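A.B. asks: model the structure of this input:
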Amino acid sequence: MAAANPWDEGQPTAAGAALARCLEAGVVSQETLDLLCPRAPCFVKFSERERVANLQAELNQKKMEIEILELEKETADITHPFYLNQKYQILQDMNNHLEAVLKEKRSLRQRLIKPRCQDSLPIEAPFHKYIVELLTEAVNFIEKLETHLQTVRSVPQIPTLMKNMVSKMLVRDLEELTEQIVKWREVQKEVHSDSICSPGEFDFRWTFKELPFSSLLNANMLNINIK
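C.D. replies: Model (predicted):
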């Protein structure tokens with residue numbers, strides 16, 4: 001019997017024959033053999049490169065579609081039929097209005113040339129009294145308009161004005177208090193000098209009555225100083 005040619009693709013190898021007998025005996029399964037069967041590295045790389053190329057082409061296609069959609073969004077008011085119809089309708093309305101103006105050109109020119117002063121407004125009789133009241137209120141409002149505007153302008157300055165007013169009141173009260181203290185000192189000096197000259201004829205009740213501070217505490221303090 002001639003030996004089998006190992007280079008013949010139709011002839012199984014010894015390892016293949018052994019695996020076939022194991023598969024028939026049920027020692028291994030076909031799925032296990034498929035998993036253990038190595039593929040040529042070059043063909044694996046080729047398939048991966050092909051898959052990457054397909055994914056890159058799909059990605060480029062999606063990017064192009066996105067750019068087209070963005071461009072359509074930016075130019076939608078120019079190219080989209082909906083917006084074009086709206087603009088066409090607006091232009092049509094403007095054209096109709098201009099045609100109407102041109103038809104009434106002579107009457108419009110006469111109305112513009114004719115002065116509108118000293119023309120009476122057509123107001124019905126039941127509303128005449130309200131017009132009189134309205135004109136009166138309008139005259140009063142115009143007369144007081146400047147005052148109202150000044151009041152409105154001065155509203156943000158109210159806190160500053162209040163501070164200034166309080167400061168002026170404090171200064172005035174301080175001046176009055178100073179004057180009272182000075183007068184009280186002068187009266188105290190006079191009382192002290194009179195008491196030294198003629199202590200028997202001095203009337204303390206009259207002195208206390210003339211003092212600026214007529215409280216009991218001030219009177220007691222003055223009495224202590226005189227003694």
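
A.B. asks: so where do the helices sit in this protein?
C.D. replies: 14-25, 30-36, 41-74, 76-79, 81-103, 105-113, 128-143, 145-154, 158-197, 204-210, 216-226 (DSSP state H).

A.B. asks: average pLDDT across the last one?
C.D. replies: For helix 216-226, the mean pLDDT works out to 45.

A.B. asks: would JSON lines of the helices of the chain with distance to residue 122 be doable?
C.D. replies: C-beta coordinates here come from the backbone N, C-alpha and C atoms, glycine included. Compiled in JSON lines, the helices of the chain are given as follows (distance: least, C-beta to C-beta, whole Å):
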{"stretch": "helix 14-25", "distance to residue 122": "113"}
{"stretch": "helix 30-36", "distance to residue 122": "102"}
{"stretch": "helix 41-74", "distance to residue 122": "54"}
{"stretch": "helix 76-79", "distance to residue 122": "46"}
{"stretch": "helix 81-103", "distance to residue 122": "25"}
{"stretch": "helix 105-113", "distance to residue 122": "16"}
{"stretch": "helix 128-143", "distance to residue 122": "12"}
{"stretch": "helix 145-154", "distance to residue 122": "29"}
{"stretch": "helix 158-197", "distance to residue 122": "47"}
{"stretch": "helix 204-210", "distance to residue 122": "81"}
{"stretch": "helix 216-226", "distance to residue 122": "82"}
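
A.B. asks: need the ones you listed in TSV (columns: mean neighbour count).
C.D. replies: Below are the helices of the chain laid out as TSV (neighbours: other C-beta atoms under 10 Å):
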stretch	mean neighbour count
helix 14-25	11
helix 30-36	10
helix 41-74	10
helix 76-79	11
helix 81-103	10
helix 105-113	9
helix 128-143	10
helix 145-154	10
helix 158-197	11
helix 204-210	13
helix 216-226	12
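
A.B. asks: distance of residue 192 from residue 186?
C.D. replies: Computed as C-beta to C-beta, to the nearest Å, the residue 192 to residue 186 distance reads 11 Å.

A.B. asks: same question for residue 23.
C.D. replies: 138 Å.

A.B. asks: pLDDT value on residue 143, please?
C.D. replies: 90.

A.B. asks: then residue 57?
C.D. replies: 92.

A.B. asks: residue contacts, it?
C.D. replies: By C-beta atoms under 8 Å, 6 or more residues apart in numbering, no residues touch residue 57.
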